[in-house]
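Asks: next comes the sequence, and after it the predicted model I'd like to discuss.
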Amino acid sequence: TLVRHRLKNHQRKTTKHKPMGSNGPDDSARLLADQASFGGSNFSLASSSQRFPPESDEDALELGLMQTPQARLVNPLAPTDTSTDSAPAPTAAPSTPTSRRASTMNGEGARPEAAVQRPVLNEEEFASQHPEASEPILPPPADCVRPSVRKSARHVLPILEWLPKYARGWLLADAIAGITIGVMLIPQGLAYAIVGRLPPIYGLYTSVVPPLVYVILGQSRELSVGAFALTSLMSAKAVVRIVPDPEAAPADAVLAALAVAFIVGLLQIGMSLCRLGFLAVFLAPPLVSGFTTAAAFAIAASQIKSLLGMAVPSFPDEEAGLVRTYAYAIAHLGEASPAAVVASLLTFVVLILCRVASLGGRIQRAPGTLLGLRLAYGAPWPVPIPGELVAVVLGTAIAAGADLHAKYGLAVVGRIPSGIPMPSLPTRALTAVLSGALGDVFTLAIVAYAISISVARTYAAKSQTHISANQELFALGACNVIGSFFSCHVAGPSLSRSSLISSMGVRSPLHALFSSVIIIVVLVALTHLFENLPMAVLAAIILMALRGLLQQMGHAWRYWRVKKDFIIWISAFLATWIFGIAYGLALGVGISLITVLYGTTRPYCTLLGQIAGTELYRDVRHCADAVVQPQLRVFRFHARLYFANSEYFEAMLRKYVAMPLNQSAPASTGPDSTAAAPPLRAIVLDASTVNETDSAGAGVLLRLVRDFAAADVLFLIASCRANVREVLQRVGFFDTFRRDHMFVSVHDAVLFAVAKLGLEPAPQDQPSL
């Protein structure tokens, strides 16, 4: 009766405010947006000649309750349009198969408008009209399909996928990129071996075999696998636990490093076979960013000895070793070697000049400036200048020509053996590594994989290719296992080299073949040329290569805007600084998991309000037009409902439904704020965001149903997912809760509650429930 009365008032308003001089039906009538009448699954877009409300109350509303599921219900929510003609409006379109038409609105072009006609449906009625499919419409997931032998081979050996499609025109770009990376790997390989506290030659070994293995097994065409500063540093941490002084016993340190690489590879292959590639999702981007940024400072601290030519004692990581190392270096700057400091500064200058020149930088006259000059940038060079190689050549030539080692005590690389080592099993130090450094090795395996999959997927998104996490894990593990047979320490993905490869437009992983050939030539014939290479030059090269990691300090300001992300970032950063690499990562992962658990145990929940004239319901905190029914509350819980948050769910629901209306929905506050609030009569739980539940969650729901029933409050559930309903069925929830009180949408539940209980409409000028 209430709704019919409002319909008559609405029709009188529509006919009263007709415009003068209407020229036709297209100008005098328009479809009212979001006109909804509930009937089956038939949705239609009405033409502009249709108007609402209908002429008669009988056509306007035949309210169907649970006993009459096929009764037609027309939505009395459409807003008034004073521009319509006063001619009698036709009845609402009947429930027909889907049709779509556009309505012209004031000459502004076609705009689709929707009209829906169907009865109010609960889940039981919907299931009777639309039974479940006898056969699944969607095919099973790809991981569950048994692949053919050929497809399996292509998955395990991605080279079989891209090599038959290789075009001759790709060769030039791949060759240029490979040669450039090979030239870049010469100084980087020598330097990163020093970071791993190994003789420099082992960095060159690591730059040959792992890239070749990745060509066969890897998926990313941009990823550069080989010597990497972070994996070298973490490998050194594990080696030191076996050989406390690697410089005093280099042979033992090499055996330990090879054993570490072998075990890291086995762990990665084992995790791949167990399909544990998803573990990388637990290393959130803020965690990886904070950890790698702090690790960059650790790598830089390891090079203070060579950079300044001074003795720096080794402090345990667990006792704030990184902080104490920097404090010691600052306090003893007077002990630095002038020759080493000059060599480091000149190397920085050469690297910066080469980088600026590669970017097209040039010096121009600029009258009025301090020096009369300014730096301008033009078109970048097609092939970047290998600044590291230029610095190595100049540093070696100057050190050898001036005999800096003998005259000033400048530390140099020394003798480097030539040739390629014969393969051998790295088994001599396996027992020692397993018993003394297994935790460091496991951390290294996870970090190397996390960075690899992150970099690979970043470039795959740009090239619109797919990267399989498990295959990437397998490829990286194979690089380390096979590489350990050829005297390679732990290999990892280089961020700087991968970025350079991507910028050069490679089309396949074949570029690694050319870079490996360059390193092989150096190993066979040119190693003697680097014997006078100053260690300070290599240290400066390492620090310049860390600029990408150090630039991640800027990520802290970006994560500052999201409280949870900043907590993870700063926790990982500070933990690594204070407690070292291994413990820092473990603490960062722990804090990241705590934030995830906290989010699931204390999820977001709110009340929903209706948008006037529509069937839409929105969060009252974020939508000023969302109106809350005085005697009805619509509650939404944004998480799975399970044992860890069931009590929180119950507490929040009771709190929100008992909240005064002017607190839960300020937009709906009436002019008389002193009037007594009407009693609560109905609660609708919007379960669309509850994707899972268990017996504890079902128990809380059942307790709420009983408590509100005792208080004469109708409890309804809307938009409950099928898997949630199945759990509720198995635990006996429907033995107490009526199935016809579970509806297909929030609006269906609200309409049912309004009709069944005769609730008051929301306080608003526009027609509503």
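Replies: Nice, I can see it.
Asks: kindly list the single helix or strand of the protein that scores lowest on mean pLDDT.
Replies: Ranked by mean pLDDT, DSSP states H and E, the weakest helix or strand in the chain is strand 35-38, scoring a mean of 34.
Asks: buried sites along stretch 652-662?
Replies: 652, 653, 656, 657, 661 (16 or more other C-beta atoms under 10 Å). Where C-beta positions appear, they are placed from N, C-alpha and C, glycine not excepted.
Asks: what's the farthest-apart pair in those residues?
Replies: Farthest-apart pair in those is 652 and 661; separation 17.3 Å (C-beta to C-beta).
Asks: in helices only, show me the buried residues of stretch 652-662.
Replies: Mapping the buried residues of stretch 652-662 onto helices (DSSP state H) picks out 652, 653, 656, 657, 661.
Asks: wait, which of those residues is closest to residue 497?
Replies: Closest to residue 497, out of all of these and judged by C-beta to C-beta, is residue 652, at 51.0 Å.
Asks: nearest residue to that closest one in space, please, no chain neighbours.
Replies: Excluding its sequence neighbours, the residue lying closest to residue 652 (C-beta to C-beta, 6 or more residues apart in numbering) is residue 605, at 4.8 Å.
Asks: quick one: end-to-end distance for stretch 484-498.
Replies: Taking C-alpha to C-alpha, to the nearest Å, the first and last residues of stretch 484-498 lie 23 Å apart.
Asks: and it, how far out from the chain middle?
Replies: 26 Å (C-alpha atoms, centre = their mean, to the nearest Å).
Asks: right, and residue 471 touches residue 154 too?
Replies: No: counting by C-beta atoms under 8 Å, residue 471 does not reach residue 154; the two are 10.5 Å apart.
Asks: joint contacts of the two?
Replies: Listed contacts common to residue 471 and residue 154 are nil; contacts here mean C-beta atoms under 8 Å, 6 or more residues apart in numbering.
Asks: those two: which is more packed in?
Replies: Of the pair residue 471 and residue 154, residue 471 is the one with more neighbours under other C-beta atoms under 10 Å, namely 19 against 16.
Asks: C-terminal to the host helix or strand of the more buried one, what's the next element?
Replies: Using DSSP states H and E, the element containing residue 471 is helix 469-485. Later in the chain than helix 469-485, the nearest helix or strand by DSSP H and E is strand 492-493.
Asks: report the buried residues of whichever helix or strand comes after that next one.
Replies: Using DSSP H and E, the helix or strand that follows strand 492-493 in sequence is helix 495-503. Residues 495, 496, 497, 498, 499, 500, 501, 502 are the ones in helix 495-503 that count as buried (16+ other C-beta under 10 Å).
Asks: would a markdown table of these with pLDDT be doable?
Replies: Output for the buried residues of helix 495-503, formatted as a markdown table (pLDDT from 0 to 100):
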| residue | pLDDT |
| --- | --- |
| 495 | 84 |
| 496 | 83 |
| 497 | 88 |
| 498 | 89 |
| 499 | 85 |
| 500 | 85 |
| 501 | 88 |
| 502 | 86 |
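Asks: quick one: which of these is nearest to residue 595?
Replies: residue 495 (26.0 Å).
Asks: residue contacts, the residue nearest to residue 652?
Replies: Counting by C-beta under 8 Å, 6+ apart, residue 605 has contacts 635, 636, 637, 638, 649, 652, 653, 656.
Asks: check those residues for the minimum pLDDT and say which it is.
Replies: Between those, the one the model trusts least by pLDDT is residue 656, at 91.
Asks: and the gap between it and residue 606?
Replies: Distance, residue 656 to residue 606, by C-beta to C-beta, to the nearest Å: 7 Å.
Asks: overlap in contacts of the two?
Replies: residue 635.
Asks: with only the CA atoms kept, save the helix or strand containing residue 264 in PDB.
Replies: Per DSSP H and E: residue 264 is located in helix 250-273. Output in PDB follows, covering the C-alpha atoms of helix 250-273 (Å, rounded to 0.1, in the frame of the first residue of the first chain):
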ATOM      1  CA  PRO A 250      91.400 -19.200  -1.200                       C
ATOM      2  CA  ALA A 251      91.300 -22.900  -2.300                       C
ATOM      3  CA  ASP A 252      89.000 -23.800   0.600                       C
ATOM      4  CA  ALA A 253      86.900 -20.800  -0.100                       C
ATOM      5  CA  VAL A 254      86.500 -21.800  -3.700                       C
ATOM      6  CA  LEU A 255      85.400 -25.300  -2.800                       C
ATOM      7  CA  ALA A 256      82.900 -23.900  -0.300                       C
ATOM      8  CA  ALA A 257      81.500 -21.400  -2.900                       C
ATOM      9  CA  LEU A 258      81.000 -24.200  -5.500                       C
ATOM     10  CA  ALA A 259      79.300 -26.400  -2.900                       C
ATOM     11  CA  VAL A 260      77.000 -23.400  -2.100                       C
ATOM     12  CA  ALA A 261      76.100 -23.000  -5.800                       C
ATOM     13  CA  PHE A 262      75.400 -26.700  -6.100                       C
ATOM     14  CA  ILE A 263      73.100 -26.800  -3.100                       C
ATOM     15  CA  VAL A 264      71.300 -23.600  -4.100                       C
ATOM     16  CA  GLY A 265      70.700 -25.100  -7.600                       C
ATOM     17  CA  LEU A 266      69.300 -28.300  -6.100                       C
ATOM     18  CA  LEU A 267      67.000 -26.400  -3.800                       C
ATOM     19  CA  GLN A 268      65.700 -24.400  -6.700                       C
ATOM     20  CA  ILE A 269      65.100 -27.400  -8.900                       C
ATOM     21  CA  GLY A 270      63.500 -29.300  -6.000                       C
ATOM     22  CA  MET A 271      61.100 -26.400  -5.400                       C
ATOM     23  CA  SER A 272      60.300 -26.300  -9.100                       C
ATOM     24  CA  LEU A 273      59.500 -30.000  -9.200                       C
END
